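# can you look at this prediction? I've put the sequence above it.
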Amino acid sequence: MKTSIATVSISGNLVEKLEAIAAAGFDGIEIFEQDFIAHDGNPREVGDLIRTMGLDITLFQPFRDFEGLPEPLRAKAFDRAERKFDLMQELGTDLVLVCSSCHPQALGGIDRAAEDFHALGERAAARGLRVGFEALAWGRHVNDHRDAWEIVRRADHANVGVILDSFHTLSRRIDPETIRRIPGDRIFFVQLADAPLIDMDLLYWSRHFRNMPGEGDLAVTDFMKAVMATGYAGPVSLEIFNDQFRGGRPKTIAKDGYRSLVALMDDVRREEPAAVRDLAPMPARSTVNGVAFVEFATRGEEADALETMLRSLGFRLSGAHIAKNLSLWAQGEIRIVVNRETSGYASSAYSMHGTTVCDIGISVQAATETVDRAQRLGADPFRQPIGPGELDIPAIRGLSGSVLHFIDEASGLNDVWSVEFTETPGEDSGAGLKRIDHLAQTMSYDEMLSWSLFYTTLFEMRKSPMVDVVDPDGLVRSQALETPDGTFRITLNGAETHRTMAGNFLADSFGASVQHIALASDDIFATSDALAARGFAPLPMSDNYYADLAARFDLDAGMLARLKAGNILYDEDASGAFFQFYSRPYSGGMFFEIVQRWNGYAGYGAPNAPFRIAAQKRLMRPKGMPKR
Ligand SMILES: O=C(O)c1ccc(O)c(O)c1
Ligand SMILES: [Mg+2]
């Protein structure tokens, strides 16, 4: 399988685009004519440059407004085609994409279009070139791949084939199963794009909101299954028009594209093994059993403050590392590692971000396979020198320099706590916190798609719809990712301005990271009492909040009084209820959350988020102080 991507999908100038595409691992590019025209260099040099980077030119595009024109426009279109054929030969590519005409004078008529394509096929054949016809979803007469295929069929020329683009088919809700009727050797090229479901004009949607397969809501896997079932053996190419990507970092967008394409083809193969023959095998998405540990990089007074916070949350200092300056804090199944090392990865994370979550340990079915899959999807493995008596725990670099370790039972890696840590005796039985409910990662809005793709291609996780969270100083978008059984949950919070609570944290910590950790109790009121006895100070909520709760929900006076007394927030969904309270912010805007899910409540208390943020800001921005 040859992987390819259109140059239009990546930001930067032509050379920057090519470098990013080559580095991400693609085999080829579709050269977008505009990118070539904007470049100052002759076509032969450009072709040679592309090839020296190890890339093929899989397609030249687009050639517009060709079929169905009356004379003299028709003759002019053929002349124009001859010029572009010259250019293609100099660049060194044999396939051109002709997209269906939007020309106001195009006449329509399947046979007229077929005759035009037959004639174009003759001219292309004379030069050893090929022509592919793509139905644009907004084409004047041809806007359905079934009509494009009928035209190609009637053109009846070996050098004329059809080009399929998932966006054009799926955006019009055309059943992708209809692709199975097209002979694979008549499909000259396949373009892939996903998109979020938004009800808008097709052209505008296509030119601004496409995204990588798996990042949107279209049935791209079904589309590709149908394509592969035809026996299609040509390139599989991404063609993404997206405003955000046009302004993104070329390397990141290209890596995301490669990750999405390999994950998609692996999914297709799992569902139709016979159809995908030449993709190297890779392990399936990992099953996650939960968060094994969260590690903070910290120092000095900040480290002491964090440990004071952990103690007030009912954590017990349960171990010290045999060789390194790490302390292990435990409660229920929760393990938090406080790393005060002054060299190595955690130390650089501290220098870069201040006190920060530098490492997340994820408990999976098979740790080594998880790293294998991640690497096949383009992630880098992470290694540190292993000291005497230490285990070699498989790990990768996440995005923006983060690290993920994988722990499993089968290989004995979950013994790391008894192997690498000496037990600190103690009696403390905790405050009833049992497990990590979710980790909340803060990032800039532009990074959200990269992170959700990262998690959903590596793990069996589903995305919930994006919600808008109103901060007094701006909007934060939030998206939850979770395993089917809820054992591993992450919320991604994308900030667009520095002035939001999330944006402020991001600016102060120089990059995406975990901003809060939500810990689950099975009895929120008992936990709240136990924490109060330890001197834990919850985030104070306003009286107005509780007056509104009383209006919105059927809560009896006793329940309401208990919620208010504990500064506990409340929400309900179709099946159950949710209780949550917060710590006060520490170390530049991080915090802890305590939650209880009752009767299968599935959300994260999104309706409460604006009031939580306002309460945090009241603490961080004392009364009377003007906002920055
Ligand atoms: O938006 C367009 O015009 C356009 C051009 C070429 C394509 O392959 C396509 O899918 C869309
Ligand atoms: Mg296309």
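Done, it's in. Ligands and ions are numbered 1, 2, ... in the order given.
# His145 and Leu69, how far apart?
With distances taken as C-beta to C-beta, to the nearest Å, His145 is found 22 Å from Leu69. (Each C-beta comes from the backbone N, C-alpha and C, glycine too.)
# and those two? Which one has more around it.
Higher neighbour count among His145 and Leu69: His145, with 28 against 20, using other C-beta atoms under 10 Å.
# those residues of the protein touching ligand 1, which are they?
Proximity of the chain to ligand 1, by C-beta under 6 Å from any ligand atom, involves residues 61-62, 97, 99, 134, 136, 165, 191, 206-207, 239.
# from those residues, which land in helices?
206-207 (DSSP state H).
# buried ones in stretch 317-331?
Buried positions in stretch 317-331, judged by neighbour count with 16 or more other C-beta atoms under 10 Å: 317-321, 324, 326-331.
# so the residue in the stretch 351-500 of the chain that ligand 2 sits nearest to, which state does it fall into?
Of all residues in the stretch 351-500 of the chain, Leu449 sits closest to ligand 2, at 20.1 Å by C-beta to the ion. With DSSP: H, G, I helix; E, B strand; the rest coil as the basis, Leu449 sits in helix.
# give me the number of residues near the closest residue to it other than its chain neighbours?
Sequence neighbours aside, Glu215 is the residue nearest to Leu449 in space, at 4.8 Å (criterion: C-beta to C-beta, 6 or more residues apart in numbering). Glu215 has 25 neighbours, counted by other C-beta under 10 Å.
# how about the helices in the stretch 101-250 of the chain?
Assigned by DSSP state H, counting those that start in this stretch, the helices in the stretch 101-250 of the chain fall at 110-125, 145-155, 166-171, 202-209, 220-229, 243-246, 250-271.
# from the contact counts, what lies against the fifth one?
Helices and strands in packing contact with helix 220-229 are listed as helix 166-171, strand 187-192, helix 250-271; criterion 3 or more C-beta pairs under 8 Å, 6 or more residues apart in numbering; DSSP states H and E.
# CA atoms only: put the next helix or strand after the longest one into PDB for me.
Which is helix 250-271. Using DSSP states H and E, the helix or strand that follows helix 250-271 towards the C-terminus is strand 288-297. The C-alpha coordinates for strand 288-297 follow below in PDB (Å, rounded to 0.1, in the frame of the first residue of the first chain):
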ATOM      1  CA  VAL A 288      -6.800  -0.300  28.900                       C
ATOM      2  CA  ASN A 289      -7.400  -1.300  32.500                       C
ATOM      3  CA  GLY A 290      -6.900   2.000  34.100                       C
ATOM      4  CA  VAL A 291      -4.300   4.600  35.200                       C
ATOM      5  CA  ALA A 292      -1.400   2.800  37.000                       C
ATOM      6  CA  PHE A 293       0.300   5.900  38.200                       C
ATOM      7  CA  VAL A 294       0.700   9.700  37.700                       C
ATOM      8  CA  GLU A 295       4.100  11.200  38.100                       C
ATOM      9  CA  PHE A 296       4.800  14.800  39.000                       C
ATOM     10  CA  ALA A 297       8.200  16.400  38.300                       C
END
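# show the average pLDDT along strand 288-297.
Average pLDDT, strand 288-297: 96.
# in the following helix or strand past it, which residues are buried?
Going down the chain from strand 288-297, the next helix or strand is helix 300-312, by DSSP H and E. Within helix 300-312, the residues scored as buried using 16+ other C-beta under 10 Å are 302-303, 306-307, 309-312.
# same thing with stretch 90-109?
Neighbour-count burial for stretch 90-109, counted by 16+ other C-beta under 10 Å, picks out 91-103, 106-107.
# and which of these is nearest to ligand 1?
Distance to ligand 1 across the buried residues of stretch 90-109 (C-beta to the nearest ligand atom) is lowest for Cys99, with 4.7 Å.
# OK, contacts around the closest one?
For Cys99, the contact set (C-beta atoms under 8 Å, 6 or more residues apart in numbering) comprises 61-64, 134-136, 139.
# isn't Pro283 up against Ala367?
No: counting by C-beta atoms under 8 Å, Pro283 stays clear of Ala367, with 10.9 Å between them.
# the more surrounded of the two?
A side-by-side neighbour count of Pro283 and Ala367, using other C-beta under 10 Å, places Ala367 first with 23 against 16.
# how about the closest residue to the more buried one other than its chain neighbours, what does it touch?
Nearest residue to Ala367, sequence neighbours excluded (C-beta to C-beta, 6+ apart): Phe406, at 3.8 Å. Neighbouring residues of Phe406 by C-beta under 8 Å, 6+ apart: 286, 361-364, 367-368, 370-371, 393-396, 413.
# now do Gly132
Residues near Gly132 by C-beta under 8 Å, 6+ apart: 59, 95-98, 160-163, 188-189.
# mind running it again at 6 Å?
The contact partners of Gly132, taken as C-beta atoms under 6 Å, 6 or more residues apart in numbering, are 95, 97, 161, 163, 188-189.
# same thing with Ile362?
By C-beta under 6 Å, 6+ apart, the contact list for Ile362 reads 288, 406.
# so where does it fall, helix or strand?
Going by DSSP H and E, Ile362 is part of strand 356-364.
# any idea how far Asp372 is from the residue of the stretch 351-500 of the chain closest to ligand 2?
Applying C-beta to C-beta to Leu449 and Asp372 gives a distance of 24 Å.
# longest single strand anywhere in the chain?
strand 433-444 (DSSP state E).
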